[in-house]
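# How does the following fold in three dimensions:
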Amino acid sequence: MAKKLRIIKVIKLHGYMIYNGKENFFNKSNPITDKILQFSKDEEIKLNPEDRRKIEQLLNTPDFIDLENKEIFWKNRYELLRNDTRSALTKILNSVKWGDISYENEFIQNILKNWKTIELCDILYMLSRKFSVNKIYLNDYYLTSNLTCMKNLRKIAVKNLNKYSINELNFILLQLVQAIRYEDISKDSYNSPLVNFLISKSKIDLNFASSFYWFIECESQADDNSSDKEKKMAEIYNIIKEYFMKELEKNYMFFSILLNEIKFKDELVDIANTLSNISKVDDQKEKLRKDIIDKDKLNFMHNEEHYLPLDPRIKIKRVITEDCSVFSSNTRPVKYTFKVTEDTKKYIHFEDNNYVKFFFKSGDDLRQDQLILQIINYMDSLLKKEQLNYEFTIYKVLATSKKDGFVEFVPNSRTYQSILNDKKLNKLSFYFKEISDNQKIYEERINNFINSLAGYSTVNYILGIGDRHYDNLMFDKKGRIFHIDFGFILGKDPIKYVPFTLTTDMVECMGGETSENYKKFKQKCKNAYSILRENARIIVNMFYLMIDSGIPELNNIECLKKLHYKFAPNLDKEKALTSFIRELEENLDSYINVWRERKHTFAQKFIY
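Numbering: from 1, shown residues only. Model (predicted):
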């Protein structure tokens, strides 16, 4: 109340000064004073039971949805502020009357700056297209001038990024680079807090610097088929790239490593271009190995050490010619094997850490695979925070442009189809026995299978991964299943989408539907779904920041609504889990029927 009286006193003094002391000033309507008085009154409003019920329902809606009754959040903003109500900050943000300076300042000064727990999902949303201050991408409020408060909003969002570690920021760097397109950047100034923040972090972490460069490099490219908007954004990203390289020179070691990466990638592009002029795969293989052996032509592969763009901590020193090949898929990816230097082999996360194997793909846009694997990696980190290890195999993918990039090769793995085609095996249980020396190891392999199957079943369901045929389901020598090739996401599929990749063979391998192993599998699925459901907002907002990236499967808001729906936002926890498991069990036969419809074979096999 004291604060309210102080505000009124100031208004009275102001009124007397302007109106020469007229006593009836406060009987007249004045929009500015009325608004200030209303703000002060709102501080005293307590949530009534009906408003509380409505707010609890609306908190489960996606941040990017414009609610019809959003005023309820503005009216109760101070109560929500006092309670530090989770998910409420962005809803209040959406209820601001943008373009009205008094509302904007009220939110920034009294709500945002005093909000106790600003989550990562809140920060990403504040950096999204909804609050663009770049006129190439209009914000949702169609404001093109008087953007001071929106710029302050984005500045506060960036400031809050400082509380996260480099490792945590690496998980969302792809999204932060996309958020740059909504920043205010011109040719003559680098006034973006976000750009400056990302460059400052790049100077202290090599992985961060390398990823930042390649993400920027992808966005800085445009061709004759690009739209005017894409060309303008490519110019902006090129400005940032030049600025970044200039700043990175101050850290000579990082700068030289990055130049080394760029040179290595360019050499691989030259090889791909040479091979593209040869029609037959066998002739391409012969040409590849001959040119590698020709030290004068590809001297760098023999005598120079290079840093690997997939992971700049890894230094390679010699190509293993006999283990390089060309695969006969449409884009003819080239598989390379390199010896790793003694001091960097500790960064190889597979068993044989003396070598690194990868595909270099030319003529293929890898950005969608890169995104999905980034999201799965982030989901894995969320589960591990809860002490749950689902044995995910997160192989690395790096798009170095919109038409080429690297894909890490997973050694000692084979496709599900190759196991079923093997006359000695033809089912999973036989495969697990083959890779097990005794009963104890066999049980460990089965346990690895259950863990990984539960993990991938859950994330694939949430992300709507489609086109799940037996050639893109992989198994390694430890019994772990993993998925490759994410060309169809968010419920899209070339034939028919089914939410789970679960076959009778897989269930029988666990001991059947009545076995303890199958019960354990379902419980692990429930545990994973429960935790990821609690983090639905950050997952959805990570996709929302990719909406203007040009990735084909992410070209509208409707696909993000489908993603949000996968978390069953309108159900309580128990009902959501029950619905999730029911869908899993009902899916078993449908997946098999869809597979029978498919006549899909790959010449390219990920077998080693």
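
# Residue 105 sits in which helix or strand?
Residue 105 is part of helix 101-105, with elements assigned from DSSP states H and E.

# who does the following helix or strand past that helix touch, helix- and strand-wise?
In the C-terminal direction, the helix or strand that comes right after helix 101-105 (DSSP H and E) is helix 120-126. With contacts taken as 3 or more CB pairs under 8 Å, 6 or more residues apart in numbering; DSSP states H and E, helix 120-126 sits against helix 88-95, helix 148-161, helix 166-179, helix 536-544. C-beta here means a position set from N, CA and C on the backbone, and glycine is covered the same way.

# returning to that earlier point: how about the helix holding residue 105: buried residues?
Applying a neighbour-count criterion of 16 or more other CB atoms under 10 Å, the buried positions in helix 101-105 are 103-104.

# if we can go back for a sec, which of the helices and strands packed on helix 120-126 sits closest to residue 582?
Among those, the nearest to residue 582 by CB to CB is helix 536-544 (19.5 Å).

# pLDDT value on the nearest residue to residue 191 once chain neighbours are set aside, please?
Spatial nearest neighbour of residue 191, excluding adjacent residues (CB to CB, 6 or more residues apart in numbering): residue 184 at 6.3 Å. At residue 184 the predicted local confidence, pLDDT, stands at 91.

# Residue 184: how many residues sit nearby?
Residue 184 is flanked by 16 other residues according to other CB atoms under 10 Å.

# Verify the assumption that it is located in a helix.
No. With the criterion set as DSSP: H, G, I helix; E, B strand; the rest coil, the secondary structure at residue 184 is coil rather than a helix.

# which SSE is residue 564 in?
Here residue 564 sits within helix 557-565, counting by DSSP H and E.

# and if you look at residue 277?
According to DSSP H and E, residue 277 maps onto no helix or strand at all.

# Quick check: it vs residue 359, distance?
Counting by CB to CB, to the nearest Å, the gap between residue 277 and residue 359 amounts to 20 Å.

# When the two are compared, which one has more neighbours?
The residue with the greater number of neighbours, taking residue 277 and residue 359 and applying other CB under 10 Å, is residue 359; the counts read 22 against 8.

# For that one, give the beta-bridge partners.
In this entry, residue 359 is beta-bridged to residue 335, residue 407, by DSSP bridges.

# isn't it right up against residue 329?
No. With the criterion set as CB atoms under 8 Å, residue 359 and residue 329 do not qualify as a contacting pair; they are 9.9 Å apart.

# if we can go back for a sec, centre of the chain to the helix holding residue 564, how far?
15 Å (CA atoms, centre = their mean, to the nearest Å).

# model confidence over it, on average?
The average pLDDT within helix 557-565 is 93.

# what packs against it?
The contact analysis (3+ CB pairs under 8 Å, 6+ apart) places helix 557-565 against helix 536-544.

# Kindly export the helix it packs on (C-alpha atoms) in CSV.
Written as CSV, here are the backbone C-alpha positions of helix 536-544 (Å, rounded to 0.1, in the frame of the first residue of the first chain):
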residue,chain,number,x,y,z
ALA,A,536,8.5,-30.6,-23.1
ARG,A,537,8.8,-26.8,-23.3
ILE,A,538,12.6,-26.7,-23.9
ILE,A,539,12.3,-29.5,-26.5
VAL,A,540,9.5,-27.7,-28.4
ASN,A,541,11.2,-24.3,-28.2
MET,A,542,14.4,-25.8,-29.6
PHE,A,543,12.4,-26.8,-32.7
TYR,A,544,10.6,-23.4,-32.7
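
# contacts for that helix?
Taking CB atoms under 8 Å, 6 or more residues apart in numbering as the criterion, the residues outside helix 536-544 that touch it are 62-64, 87, 119-121, 124-125, 128, 172, 175, 375, 378-379, 462, 532, 554, 560, 563-564, 567, 569.

# still on that earlier bit, what comes up buried for the helix holding residue 564?
Counting neighbours by 16+ other CB under 10 Å, the buried set in helix 557-565 is 559-560, 563-564.

# Would you state the helices of the stretch 351-500 of the chain in chain order?
Remark: helices of the stretch 351-500 of the chain, listed N- to C-terminal, are 367-385, 416-421, 428-434, 439-463; assignment by DSSP state H, counting those that start in this stretch.

# still on that earlier bit, ok, the buried residues of helix 557-565 vs residue 110, which is closest?
Nearest to residue 110 among the buried residues of helix 557-565: residue 564, at 29.8 Å, using CB to CB.

# Could you count how many residues lie near the closest residue to that closest one other than its chain neighbours?
In space, residue 564 comes closest to residue 62 once its chain neighbours are excluded; the distance is 4.8 Å by CB to CB, 6+ apart. Residue 62 has 19 neighbouring residues, counting by other CB under 10 Å.

# In this structure residue 62 contacts residue 560, no?
Yes. If you go by CB under 8 Å, residue 62 and residue 560 touch, sitting 6.8 Å apart.

# circling back: next one: the helix holding residue 105 to chain centre, how far?
33 Å.

# average pLDDT across that helix?
For helix 101-105, the mean per-residue pLDDT is 95.

# Which other helices and strands does it contact?
Contact partners of helix 101-105 among helices and strands, from 3+ CB pairs under 8 Å, 6+ apart: helix 31-42, helix 148-161.

# what sits against residue 240?
For residue 240, the contact set (CB under 8 Å, 6+ apart) comprises 180, 185, 190, 195, 216, 220.

# Fine, thanks again, bye for now.
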